[in-house]
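**Student:** I'll drop the sequence and a predicted model, then ask my questions.
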There are 2 protein chains.
Amino acid sequence: MCELLGMSANVPTDITFSMAGFLQRGGATGPHRDGWGVAFYEQEGYREFKDPFPSIDSPVAKMLMNYPIKSRIVISHIRQANVGGVSLGNTHPFSRELWGRHWCYAHNGQLAGFKDQLPLTYYKPTGQTDSEWAFCWLMGEIREAFPQPPEDQAALEHLIHSCCEKLRLLGVFNLLISDSQHLYAYCSTKLAHITRRAPFGPAQLKDTELKIDFAACTTPKDVVSVIATEPLTLDETWNIMQPGELVVFESGELVTVRPSHTLPKI
Amino acid sequence: MCELLGMSANVPTDITFSMAGFLQRGGATGPHRDGWGVAFYEQEGYREFKDPFPSIDSPVAKMLMNYPIKSRIVISHIRQANVGGVSLGNTHPFSRELWGRHWCYAHNGQLAGFKDQLPLTYYKPTGQTDSEWAFCWLMGEIREAFPQPPEDQAALEHLIHSCCEKLRLLGVFNLLISDSQHLYAYCSTKLAHITRRAPFGPAQLKDTELKIDFAACTTPKDVVSVIATEPLTLDETWNIMQPGELVVFESGELVTVRPSHTLPKI
C-alpha cells in the first residue's frame, strides 16, 4: 500500500511542514520505499517532482524541503509497490490534460481485473500500474460525459463518485484527484482530513519532532485543508473518512460531502 | 527568443556538463531570464523540472547540477518571453500523452495568427503561449493521421516535417520534440547538433570555464548526440542546420535528415 497527501488552500500556501512529516513515511517511519512524487498547482501552472527512490534518500525531496513552493493545490504520494515494478514510469502522481486543464491523480490501493473491467478510450497509460490504468479509464469516462467543462459541478461530482464506487468493487481505491480548481478525495479504506482557519494554533508532527505555530505563518483570512492517509499531527482533531465517501475541496474549504451509495456491478 | 537544448543517447547518459553551459544563458551569458525547464526520459518513465525564474538563480537547477540524472532523451529550454506572461504555466517544455507515450516539446520562436491558423481538436493548451498552442495543434494532427503508433516511421517523419514547414510560414519555429523513442529537431532559423562517439576527447564549454574529458566518463560503445540553438563547446565541430531542415535522432544516432521542401500555404 501507499500513502497519500493532499492540500487545498484559498491563498498560495507552503506545504513544507506537512511534507516534512509525510516524507518520513517513505523509508523512516513507514515502509513506502518505492518512489514518491508531488504535484503543485501554482500561478495557474502545474509542475511535478518525482523520484523512484525512498523519499528520505531523495535529492529532489531534500531540495523541496528548502524551497517552499507556494501552491493552491498539492497532491503527493509515497509508494510501496504492488502492481508494476519500481520505476519512474510507475511513480505517482500521474497527470493528463482535459479542457485545457492539468488533471493530477494519485491512488492508494490495489485493483483486481482492472484490464478487463476498465476499457480505455481516449487516454492510455505510459507505465504498468493498476493505478495509472484506472486514472486513464476515469479520465475517459469524464471526457465522454463532459466534452466541455460542465456548468453543473454537482453532475461532475456525481460522475466521479460513481466511477470511484465502481473502482472500489475491484479492490482498494483511496484517491486524490484534482482538475486544477477542485480537489476530490475518495475513501475506500483509509483517508483523513482537517481544515485549518483562524484562530490558528500550534501543531506537532507525528512522524518527526517538528512543531509549528501556524499563527506565525498565516493571515486571519487563510483557509487550508490537508488530506492524508493517516493524520499527520498529534494535537489536532482530524476527520476520519468513511468507506465510499467522496469529499470535495475548493479554495481550502470543504464544499461537498457525498456518502457512499449503492451501485450496480460493472 | 529562447534557447533549446536536446540530447539523444544509446545508453542512459548524464547531461550535467552540457546543461552547466546552457543554463548560464538563462541570465548570465544570455538574456533568457523568464523561466527554464528540462524533461528527462529515463527508465521508460518521464519527468520534468521547471522553474519560472532565471536558471542561474533557480534552486531546482542548482539541485540538478548535483544530481546527475541518467537519461536516454533530454529536452531543455530557457525562456525569453514574447507571447504569454512569465509564469509556470507558460514555461517549456510541454507534454501530452499519445499512444501511451509521453510526448515532450519545446519551441524557440514566435508565431503570428496562430489561433486562427491552427485549429485545435484533441489537445488544448493550459497556458497562454503560441508555443503550447502550436504543440496542441501538432499533436492533434499526429493523432488524427495516426490513431495508433505507425508502423511506417518515415510517414510519421513526413507528417511532422510538413507540419513544421506550415508553422514556419507563421514566423520563427525552431523545435525539439520527442515521442519517447525518437528526438526530432526542426530548424527555422538557428539550431546546431553534434554526435559524439569513440574515440572521445576533451571539450571546453563556451559559456563557462568548464572542461570535460569525455573519454573519462564514457565507454567505447557510447553514442551521444546533442542539439542546441548555438554550439555549446569551443573546440568541437558542430553541424549547423539549414532553415526548413528536420533531423531525427534515435539511440544517439542521427538517423534521418530531411531538407526543406516547398509546401502549400495553409
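**Tutor:** That came through fine.

**Student:** any idea how far A:Thr233 lies from chain B?
**Tutor:** Look at A:Thr233 and chain B: by Cβ to the nearest Cβ, to the nearest Å, they are 27 Å apart. (C-beta placed from N, C-alpha, C; glycine too.)

**Student:** To clarify, my last question referred to A:Met139.
**Tutor:** A:Met139 is 10 Å from chain B, by Cβ to the nearest Cβ.

**Student:** Same question for A:Glu3.
**Tutor:** Look at A:Glu3 and chain B: by Cβ to the nearest Cβ, they are 20 Å apart.

**Student:** just checking, that residue touches A:Phe22?
**Tutor:** Yes: counting by Cβ atoms under 8 Å, A:Glu3 touches A:Phe22, with 7.0 Å between them.

**Student:** Could you check which of the two has the larger neighbour count?
**Tutor:** A:Phe22 (30 against 25; other Cβ atoms under 10 Å in any protein chain shown).

**Student:** and the more buried one, backbone torsions?
**Tutor:** Dihedral pair for A:Phe22: phi -60, psi -50, per degrees, to the nearest 10.

**Student:** I figured it hits A:Thr208, correct?
**Tutor:** No: the criterion here is Cβ under 8 Å, and A:Phe22 misses it with A:Thr208 at 9.8 Å.

**Student:** State the distance from A:Gly113 to A:Asp130.
**Tutor:** To A:Asp130, A:Gly113 is 10 Å away according to Cβ to Cβ, to the nearest Å.

**Student:** And A:Pro93, by the same measure?
**Tutor:** Applying Cβ to Cβ, the value for A:Pro93 to A:Asp130 is 15 Å.

**Student:** quick one: which of the two has more around it?
**Tutor:** A:Pro93 (27 against 24).

**Student:** Contacts only, for the more buried one.
**Tutor:** A:37-39, A:48, A:75-77, A:104-106, A:176 (Cβ atoms under 8 Å, 6 or more residues apart in numbering or on different chains).

**Student:** OK, contacts around A:Arg168?
**Tutor:** Applying Cβ under 8 Å, 6+ apart, the residues near A:Arg168 are A:188, A:243-244.

**Student:** Next, it: phi, psi?
**Tutor:** phi -70, psi -30.

**Student:** Same question for A:Arg25.
**Tutor:** A:Arg25 adopts backbone torsions of phi -70, psi -10, taken as degrees, to the nearest 10.

**Student:** Check it and give its pLDDT.
**Tutor:** Turning to A:Arg25, the model gives it a pLDDT of 81.

**Student:** check contacts around whatever residue of the stretch 51-200 of chain A ends up closest to chain B.
**Tutor:** For the stretch 51-200 of chain A, the residue closest to chain B is A:Leu88, as judged by Cβ to the nearest Cβ, at 2.8 Å. By Cβ under 8 Å, 6+ apart, A:Leu88 lies in contact with A:35, A:50, A:52, B:42-47.

**Student:** Return the backbone torsion pair for it.
**Tutor:** According to degrees, to the nearest 10, A:Leu88 has phi -60, psi -40.

**Student:** Need the nearest residue in space to it, chain neighbours excluded.
**Tutor:** B:Gly45 (2.8 Å; Cβ to Cβ, 6 or more residues apart in numbering or on different chains).

**Student:** Tell me who's in contact with the one you found.
**Tutor:** B:Gly45 makes contact with A:50, A:52, A:87-91, A:126-127, according to Cβ under 8 Å, 6+ apart.

**Student:** ok so, going back, and the contacts of A:Pro93 near chain B, which?
**Tutor:** Filtering the contacts of A:Pro93 for proximity to chain B by Cβ under 8 Å from any Cβ of the partner chain leaves A:Glu48.

**Student:** So which of the contacts of A:Pro93 are in strands?
**Tutor:** Using DSSP state E, the subset of the contacts of A:Pro93 located in strands is A:37-39, A:48, A:75-77, A:104-106, A:176.

**Student:** Now which of those residues would you call buried?
**Tutor:** Among the ones in strands among the contacts of A:Pro93, those that count as buried by neighbour count (16 or more other Cβ atoms under 10 Å in any protein chain shown) are A:37-39, A:48, A:75-77, A:104-106, A:176.

**Student:** any chance of those residues in a markdown table, with pLDDT too?
**Tutor:** Listed next are those as a markdown table, based on pLDDT from 0 to 100:
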| residue | pLDDT |
| --- | --- |
| A:Gly37 | 94 |
| A:Val38 | 95 |
| A:Ala39 | 97 |
| A:Glu48 | 96 |
| A:Ile75 | 97 |
| A:Ser76 | 95 |
| A:His77 | 93 |
| A:Cys104 | 98 |
| A:Tyr105 | 98 |
| A:Ala106 | 97 |
| A:Leu176 | 98 |
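
**Student:** export these to JSON lines and tack on distance to B:Ile15?
**Tutor:** Shown next, in JSON lines, are these (distance: Cβ to Cβ, whole Å):
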{"residue": "A:Gly37", "distance to B:Ile15": "22"}
{"residue": "A:Val38", "distance to B:Ile15": "23"}
{"residue": "A:Ala39", "distance to B:Ile15": "24"}
{"residue": "A:Glu48", "distance to B:Ile15": "20"}
{"residue": "A:Ile75", "distance to B:Ile15": "28"}
{"residue": "A:Ser76", "distance to B:Ile15": "27"}
{"residue": "A:His77", "distance to B:Ile15": "27"}
{"residue": "A:Cys104", "distance to B:Ile15": "27"}
{"residue": "A:Tyr105", "distance to B:Ile15": "29"}
{"residue": "A:Ala106", "distance to B:Ile15": "29"}
{"residue": "A:Leu176", "distance to B:Ile15": "33"}
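
**Student:** mind listing what's buried in stretch A:134-154?
**Tutor:** The neighbour-count check on stretch A:134-154 (16+ other Cβ under 10 Å) flags A:134-143, A:146 as buried.

**Student:** what packs against the strand or helix carrying A:Cys136?
**Tutor:** Assigning secondary structure by DSSP states H and E places A:Cys136 in helix A:130-145. For helix A:130-145, the packing partners by 3 or more Cβ pairs under 8 Å, 6 or more residues apart in numbering or on different chains; DSSP states H and E come out as strand A:94-98, strand A:101-111, helix A:114-117, helix A:153-168, strand A:171-178.

**Student:** and the spatially closest residue to A:Ala228 that is not a sequence neighbour, how many residues sit next to it?
**Tutor:** Spatial nearest neighbour of A:Ala228, excluding adjacent residues (Cβ to Cβ, 6+ apart): A:Leu5 at 5.0 Å. When neighbours are counted by other Cβ under 10 Å, A:Leu5 registers 25.

**Student:** Likewise for the one 3 residues further on?
**Tutor:** Per other Cβ under 10 Å, the neighbour tally for A:Ser8 reads 32.
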